[in-house]
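>>> after the sequence you'll find the predicted model.
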Amino acid sequence: MNVKKLFDLSGKVVVITGAAGNLGSQYAEGLSQSGANVVIADLDHNKCVQIANTLKKEYGVDPMPIKLDLTKKSSVVNLFSKTVAKYSKIDVLINNAAYQGNDAIRKTSFEELSLNDWNEALAVNLTGIFLACQEAGKIMKKQKRGNIINIGSTYGLVAPDQRIYGNSGQNAAAFYAATKSAVINLTRYLASYWANTGIRVNTLTPGGVKRNQTGSFIKNYSEKTMLGRMAEKDEYVGAIIFLASDASSYMTGSNLIIDGGWTAW
């Protein structure tokens, strides 16, 4: 056993969707520190370029920025074709991108939620993952190895506790809960479907992250967790490295829940 080697990602090619976001950028940095060449994929191409330049300078890796629109199949196909053209392989796909809507949408009652917003969430949070898994699966089957990590949510497991949100705009809309629960079972399906191909598929389910929420919201949320606080934005990086590395080699079809104890009581 060589523990350092278990977690070593040197030379691995990792595709991250939503990589310019709050958590996606943290994943990209942690993976780069571990030696991975990360494909920074997001709608915000300028930010992707900035992140890629920083990672290359700081960690001596070879990242690639690319604009990605998960609602368009041609954009998803382009992501994977360019990745293979540059690196000749894909080791890991992290389906991190998600549509949550803005404050106004999250404040909208379920009865008044628009069909457009519902369909937008399905297109990004579920169909986008379907398309990405399809394209990655084609490549990984030929390689006879691969690793897919889908990002879930505690609200794919339990209902949001409406009592802690009020009119904060921090609550999850119905489409978020519906799509995240679907992602968790899509993970199980694909793990079973690709069981004998060398492809592993797992879910990481994070809890709430402390950002710019109001003090009252943070207090209300924190009281629902066993640890008595929200997560810091870098506290899921270790889990991502574990799932992306050989340290999780006997793990597939699983859901790794890291939520400060939110769903444990």
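Nice, I can see it.
>>> give the buried residues for the worst-scoring helix or strand of the chain on mean pLDDT.
Least confident helix or strand, the chain: helix 103-107 with a mean of 84, by mean pLDDT, DSSP states H and E. Going by neighbour count (16 or more other CB atoms under 10 Å), the buried part of helix 103-107 is Ile105, Arg106, Lys107. (C-beta placed from N, C-alpha, C; glycine too.)
>>> can you list contacts of it?
Gln100, Leu113, Asp117, Asn167, Gly169, Gln170, Asn171, Ala172, Ala173 (CB atoms under 8 Å, 6 or more residues apart in numbering).
>>> as TSV, those residues with pLDDT, neighbour count and distance to Gly215 would be great.
Output for the contacts of helix 103-107, formatted as TSV (pLDDT from 0 to 100; neighbours: other CB atoms under 10 Å; distance: CB to CB, whole Å):
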residue	pLDDT	neighbour count	distance to Gly215
Gln100	91	16	21
Leu113	93	17	28
Asp117	95	19	29
Asn167	71	9	15
Gly169	67	17	15
Gln170	73	21	12
Asn171	78	19	17
Ala172	85	20	20
Ala173	91	22	23
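>>> for those, which one is nearest Gln50?
Nearest to Gln50 among those: Gln100, at 22.8 Å, using CB to CB.
>>> which helix or which strand is home to that closest one?
Under DSSP states H and E, no helix or strand contains Gln100.
>>> apart from its neighbours in sequence, what residue is nearest it?
The shortest distance from Gln100 to any non-neighbouring residue, by CB to CB, 6 or more residues apart in numbering, is to Tyr176 (5.6 Å).
>>> the one you found against Gly152, yeah?
No - Tyr176 is beyond contact range of Gly152, at 10.8 Å (criterion: CB atoms under 8 Å).
>>> neighbour count: these two, which is higher?
Higher neighbour count among Tyr176 and Gly152: Gly152, with 26 against 21, using other CB atoms under 10 Å.
>>> the residue nearest to that one when sequence neighbours are not counted in helix, strand or coil?
Nearest non-adjacent residue to Gly152, counting by CB to CB, 6+ apart: Thr205, 4.0 Å away. The three-state label given to Thr205 by DSSP: H, G, I helix; E, B strand; the rest coil is strand.
>>> for burial, what's the neighbour tally of Thr205?
Applying other CB under 10 Å, I find that Thr205 has 24 neighbouring residues.
>>> quick check: bridge partners of Ile258?
Pro206 (DSSP bridges).
>>> so which bits of stretch 237-246 are buried?
Buried-residue list, stretch 237-246, by 16+ other CB under 10 Å: Val237, Ala239, Ile240, Ile241, Phe242, Leu243, Ala244, Ser245.
>>> not counting that stretch itself, show me its contacts.
By CB under 8 Å, 6+ apart, stretch 237-246 touches 5-9, 12, 14, 26-27, 29-31, 34, 36, 91-92, 94, 147, 149, 202, 204, 247-248, 251, 256, 258.
>>> picking up where we left off before, which element is the residue nearest to Gln100 on?
Assigned by DSSP H and E, Tyr176 falls in helix 174-193.
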